[in-house]
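> Coordinates for the following, if possible.
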Amino acid sequence: QVQLVESGGGLVQAGGSLRLSCAASGSILSINTMGWYRQAPGKQRDLVATITSGSRTNYADSVKGRFTISRDNAKNTVYLQMNSLKPEDTAVYYCYTGGVRTPVPPYIYVELWGQGALVTVSS
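Numbers count the residues shown, from 1 in each chain. Sure, this is the predicted structure:
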């Protein structure tokens, strides 16, 4: 069974930086897309950034120039470097994977989600 384990959330002052990590564990052949979504209190879950196996990236306009997504395919891990954090970045950040292929049943996980990491940015 494939699981996603997140780490790196916490409390930071506005203008500061945090780095989130998410490792996919289990028997994995490949992962198509990895990424991050976030959900602020009382709001819907929104895209933050995604990265494909070919390193093509996509960012929400609100984080462009401040956040950087990267991945280590050998470790099945995705990272989110968050700089110049603002109070409006406060949210629970969820790791996402799309198209995880495994050598054993079910052979593919269409999508998986991490447990969430709380990021709080104080003003």
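> how about Ser62, secondary structure?
helix (DSSP: H, G, I helix; E, B strand; the rest coil).
> Tell me how many other residues crowd Ile69.
The tally of other residues near Ile69 (other CB atoms under 10 Å) stands at 22. Just so you know, the C-beta spots here come from the backbone N, C-alpha and C atoms, and that holds for glycine as well.
> correction: Ser62
14.
> what sits against it?
Neighbouring residues of Ser62 by CB atoms under 8 Å, 6 or more residues apart in numbering: Glu88.
> how long is stretch 40-58 end to end?
In stretch 40-58, first residue to last residue: 20 Å (CA to CA, to the nearest Å).
> Pull the residues that contact that stretch.
Residues outside stretch 40-58 that contact it (CB under 8 Å, 6+ apart) are 30-39, 59-60, 63, 67, 69-71, 73, 78, 80, 88, 90-94, 96.
> again, 6 Å this time
Contacts of stretch 40-58 with the rest of the structure, by CB atoms under 6 Å, 6 or more residues apart in numbering, involve 32-39, 59-60, 63, 67, 69, 71, 91.
> now the residue nearest the centre of the chain: how far from Ser123?
With distances taken as CA atoms, centre = their mean, Trp36 lies nearest the centre of the chain, 2.9 Å away. To Ser123, Trp36 is 23 Å away according to CB to CB, to the nearest Å.
> And Ser17, by the same measure?
Using CB to CB, Ser17 is found at 16 Å from Ser123.
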